[in-house]
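Need a 3D model of the following:
(chains A, B, C and D, ligands or ions: 4)
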4 protein chains.
Amino acid sequence: MAESVNFSLLQATDSEIRDLIRACQSVKKEAYCVYSEFRVGAALLTEHDRHIITGCNVENASYGLTVCAERSAICSAVSRGYRKFPVIAVTSDVATRFCTPCGACRQFIAEFSPSGQVLLVKPGYQEEEYMTGTGIQIISVANLLPLGFTPNDLILAKSTL
Amino acid sequence: MAESVNFSLLQATDSEIRDLIRACQSVKKEAYCVYSEFRVGAALLTEHDRHIITGCNVENASYGLTVCAERSAICSAVSRGYRKFPVIAVTSDVATRFCTPCGACRQFIAEFSPSGQVLLVKPGYQEEEYMTGTGIQIISVANLLPLGFTPNDLILAKSTL
Amino acid sequence: MAESVNFSLLQATDSEIRDLIRACQSVKKEAYCVYSEFRVGAALLTEHDRHIITGCNVENASYGLTVCAERSAICSAVSRGYRKFPVIAVTSDVATRFCTPCGACRQFIAEFSPSGQVLLVKPGYQEEEYMTGTGIQIISVANLLPLGFTPNDLILAKSTL
Amino acid sequence: MAESVNFSLLQATDSEIRDLIRACQSVKKEAYCVYSEFRVGAALLTEHDRHIITGCNVENASYGLTVCAERSAICSAVSRGYRKFPVIAVTSDVATRFCTPCGACRQFIAEFSPSGQVLLVKPGYQEEEYMTGTGIQIISVANLLPLGFTPNDLILAKSTL
Ligand SMILES: [Zn+2]
Ligand SMILES: [Zn+2]
Ligand SMILES: [Zn+2]
Ligand SMILES: [Zn+2]
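Ligands and ions are numbered 1, 2, ... in the order given. Alright, predicted model coming up:
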């Protein structure tokens, strides 16, 4: 992974990070994943009032309607009036590597937080590991979706028609 | 519309219905709909503890990632551990007819509440109209998704392979 | 199922129906369904030049990006310039009941063919059964998506803002 | 953009590239984009028999059901039995910058072609520009979806449950 954990760059305080980690691990238990059996939990931080809002994956018999945990959390936050999320934490049951958001979620996150950060949390992560950082990883949204397709592209297209 | 409003069939009390109506109208204001300018608000009732959970539509520059209000509300509820929703109320800015959930939302609702009900609420609906019922309409999920594709279909297919 | 097979109502000739049945059964073999193992094939008829265009389901590790067979076939047809499809045939591996399109596909079909028909084909269907009709079923798009959310709703909403 | 056009790295011949460019420009005209008015065309090359298969974007009144051009082309190809696509070309109406695939499409492309390449084509691209390369750009799928979420993640998760 290109970025090592550099806590000084994190757009959240130590205390917020700890809360985000606990929150994403906790909401993972609610995952509705009867088809994939792949549980995912996400927790985001709201920009101004520093609230934490969570979401799990919600699957569907018609697979294509499945909503990932990251998008689930963002929908919940947007419905409460939030629009900016400096950090979103994600955890799954994959223990042997850091499991990143899918491309759809990267695009969904970038709609609101193109300069935000994603905090990847391994399932076995324990609080005592926090300072060592072996169980967590930080990566910017910009690095997860380089050369991103943006809302601006829609405007640029219309201006040429 | 096939069904007239028959309050005796509603799977919610008068008071719950009034709360659902207010909740879906309120959350509509949070709609993130910069592409369609089509605001939608949804509010569902949880089965046992009778909580109301809301959601608005959340659009995306890549249109296909857009999440409707109904799915937004359900994701929020599932993330809090809920799985059954006897009634989900929906309102938009369409005043001249009752605007129904799209097919994707019907399938998403049916995953959790195949025997639930959808309460359609017109934008100008005022509380005093409640007893006359001209601004609201009730329709069952079963009637919105007849002969539904169900989780059971996936099992039936596997048993024959 | 509400409708019995009434061949006189079919918006296709006997010969076209036979071709649609064979085509949806054939394309089912191409299904990319490594996650669900649920194979589906779809074949549609184009309105004016009576071509048959097929599609199978295409799944994705991020379940939510999965495209059903019906939508796959329609995308293929639209990409070739077609916009109207009087009949779309669908078959899966579910033998014991007629497997219908999911809600998302109903909405996708209705965008182009609100007055079209869906032909459900059981997997074991053999040509000799054709006249008895026990292995096939016809249902209108309008009956699969009653009180449909339509493109017109978007226009009605804008007119009131 | 990080990569300059290095033709020697392209996983297609000069002649194939020219055909891909023409094909994506041509299919863009079929785009069904009545909501966004954002036309996109995609053309992919199949691995062994070097066929070109095209797709345009197909929108829907329920925005979330919209299928991008890239996914449309891939569904069409998969339905014909293809599974590997060394190069996929994409063009839109954005003239002032290279318009990249959205995150959802990156994930969809990576399912089949994690080591493939995306060829970005500006709308005004003329064949005489070919050797100068100012109107086209090449980028690898790996660079568009770094640290990608992969089918393997699903397997790793199951092994730990
Ligand atoms: Zn995702
Ligand atoms: Zn919807
Ligand atoms: Zn479907
Ligand atoms: Zn896309």
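
Buried ones in stretch A:74-87, by neighbour count?
The neighbour-count check on stretch A:74-87 (16 or more other CB atoms under 10 Å in any protein chain shown) flags A:Ile74, A:Cys75, A:Ser76, A:Ala77, A:Val78, A:Ser79, A:Arg80, A:Tyr82, A:Phe85, A:Pro86, A:Val87 as buried. No exception for glycine: its C-beta is placed from N, CA and C like everyone else's.

now do stretch A:149-161
Neighbour-count burial for stretch A:149-161, counted by 16+ other CB under 10 Å, picks out A:Phe149, A:Thr150, A:Asp153, A:Leu154, A:Leu156, A:Ala157.

hmm, the helix or strand where the last one lies in reach of chain D?
Take DSSP states H and E as the rule and A:Ala157 turns out to sit in helix A:151-160. Yes - judged by CB under 8 Å from any CB of the partner chain, helix A:151-160 comes into contact with chain D at A:Asp153, A:Leu154, A:Leu156, A:Ala157, A:Lys158, A:Thr160.

How about stretch A:23-31?
No - on the criterion CB under 8 Å from any CB, stretch A:23-31 is out of touch with chain D, staying 10.9 Å away.

and that stretch with ligand 1, contact?
No - Stretch A:23-31 is not in contact with ligand 1 by CB under 5 Å from the ion; minimum separation 12.6 Å.

where do the strands sit along chain A?
Secondary structure of chain A (DSSP state E): strands at A:41-45, A:52-56, A:87-91, A:117-121, A:136-140.

list the helices and strands the fourth one packs on?
When contacts are defined as 3 or more CB pairs under 8 Å, 6 or more residues apart in numbering or on different chains; DSSP states H and E, strand A:117-121 packs onto helix A:14-27, strand A:87-91, strand A:136-140, helix A:141-144.

most packed of those?
Highest mean neighbour count among the helices and strands packed on strand A:117-121 (mean count of other CB atoms under 10 Å in any protein chain shown): strand A:87-91, with a mean of 28.

Does chain B have contacts with the helix holding A:Ala157?
Yes - under the criterion of CB under 8 Å from any CB, chain B is reached by helix A:151-160 at A:Pro151, A:Asp153, A:Leu154.

which residues touch that helix?
For helix A:151-160, the surrounding residues in contact (CB atoms under 8 Å, 6 or more residues apart in numbering or on different chains) are A:111, B:34-35, B:61, D:36-39, D:92-97, D:99, D:123.

ok, and the most crowded of those residues?
Within the contacts of helix A:151-160, most neighbours by other CB atoms under 10 Å in any protein chain shown means D:Ser92, with 28 neighbours.

Do me a favour and get the backbone dihedrals for that residue.
Taking degrees, to the nearest 10, you get phi -130, psi -160 for the backbone angles of D:Ser92.

quick revisit: could I get the helices and strands packed on strand A:117-121 in JSON lines, plus columns for mean pLDDT and distance to D:Arg22?
Formatted as JSON lines, the helices and strands packed on strand A:117-121 follow (pLDDT from 0 to 100; distance: least, CB to CB, whole Å):
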{"stretch": "helix A:14-27", "mean pLDDT": "96", "distance to D:Arg22": "47"}
{"stretch": "strand A:87-91", "mean pLDDT": "98", "distance to D:Arg22": "41"}
{"stretch": "strand A:136-140", "mean pLDDT": "94", "distance to D:Arg22": "37"}
{"stretch": "helix A:141-144", "mean pLDDT": "97", "distance to D:Arg22": "33"}
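
looking at these, which is closest to B:Leu144?
helix A:14-27 (29.5 Å; CB to CB).

quick check, distance from the closest one to the centre of its chain.
Here helix A:14-27 is found 12 Å from its chain centre; the criterion is CA atoms, centre = their mean, to the nearest Å.

Dump that helix to CSV, keeping only the CA atoms.
Provided in CSV are the C-alpha atoms of helix A:14-27 (Å, rounded to 0.1, in the frame of the first residue of the first chain):
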residue,chain,number,x,y,z
ASP,A,14,-7.0,10.5,18.0
SER,A,15,-10.2,10.3,20.0
GLU,A,16,-12.4,10.6,16.8
ILE,A,17,-10.4,7.8,15.1
ARG,A,18,-10.9,5.5,18.1
ASP,A,19,-14.6,6.2,18.0
LEU,A,20,-14.8,5.6,14.2
ILE,A,21,-13.0,2.3,14.6
ARG,A,22,-15.3,1.1,17.3
ALA,A,23,-18.4,2.3,15.4
CYS,A,24,-17.5,0.6,12.2
GLN,A,25,-16.8,-2.6,14.0
SER,A,26,-20.0,-2.4,15.9
VAL,A,27,-22.3,-1.8,12.9
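
tell me the contacts of the closest residue to ligand 4 within chain A?
Proximity of chain A to ligand 4 (CB to the ion) peaks at A:Phe149, 6.9 Å away. Residues in contact with A:Phe149 (CB under 8 Å, 6+ apart) are A:Gln107, B:Ala61, B:Ser62, D:Cys99, D:Thr100, D:Pro101, D:Cys102, D:Gly103.

May I have the phi/psi pair for the residue nearest to the fifth one when sequence neighbours are not counted?
Leaving out its chain neighbours, the residue that sits closest to D:Thr100 by CB to CB, 6 or more residues apart in numbering or on different chains is A:Leu147, at 4.8 Å. The main-chain torsion angles of A:Leu147 are listed as degrees, to the nearest 10 and equal phi 50, psi 40.

so how many other residues sit close to A:Leu147?
For A:Leu147, the neighbour count with other CB under 10 Å is 20.

Please tell me I have it right and it contacts D:Cys99.
No - at 9.5 Å, A:Leu147 does not count as touching D:Cys99 under the criterion of CB atoms under 8 Å.

which one of the buried residues of stretch A:74-87 is nearest chain C?
When the buried residues of stretch A:74-87 are compared for distance to chain C (CB to the nearest CB), A:Cys75 wins out at 12.6 Å.

show me what contacts the residue nearest to the closest one when sequence neighbours are not counted?
Of all residues not flanking A:Cys75 in the chain, B:Ser72 sits nearest, at 4.0 Å (CB to CB, 6+ apart). Contacts here follow CB under 8 Å, 6+ apart; on that basis B:Ser72 touches A:Cys75, A:Ser76, A:Val78, A:Ser79, B:Ala42, B:Gly55, B:Cys56, B:Asn57, B:Val58.

Among the residues you listed, which one sits closest to B:Thr134?
Looking across the contacts of B:Ser72 and measuring by CB to CB, the closest to B:Thr134 is B:Ala42, at 21.0 Å.

any idea how far the closest one lies from D:Gly124?
Using CB to CB, to the nearest Å, B:Ala42 is found at 44 Å from D:Gly124.

More neighbours: which of the two?
B:Ala42 (34 against 12).

The more buried one reaches B:Val58, doesn't it?
No - B:Ala42 is beyond contact range of B:Val58, at 11.6 Å (criterion: CB under 8 Å).

Am I right that A:Gln126 is in contact with A:Gln25?
No - if you go by CB under 8 Å, A:Gln126 and A:Gln25 don't touch, sitting 10.2 Å apart.

just to revisit the earlier point, now the buried residues of stretch A:149-161 as TSV including pLDDT and distance to ligand 1?
Shown next, in TSV, are the buried residues of stretch A:149-161 (pLDDT from 0 to 100; distance: CB to the ion, whole Å):
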residue	pLDDT	distance to ligand 1
A:Phe149	87	16
A:Thr150	83	19
A:Asp153	84	21
A:Leu154	85	22
A:Leu156	79	27
A:Ala157	77	26
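
Need the residues you listed in TSV (columns: distance to D:Thr66).
TSV is the format used below for those (distance: CB to CB, whole Å):
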residue	distance to D:Thr66
A:Phe149	13
A:Thr150	17
A:Asp153	15
A:Leu154	12
A:Leu156	19
A:Ala157	15
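
Can you tell me which of those is closest to D:His48?
A:Phe149 (30.1 Å).

Chain A against ligand 1: which residues are in contact?
By CB under 5 Å from the ion, the part of chain A that sits against ligand 1 consists of A:Cys68, A:Cys102, A:Cys105.
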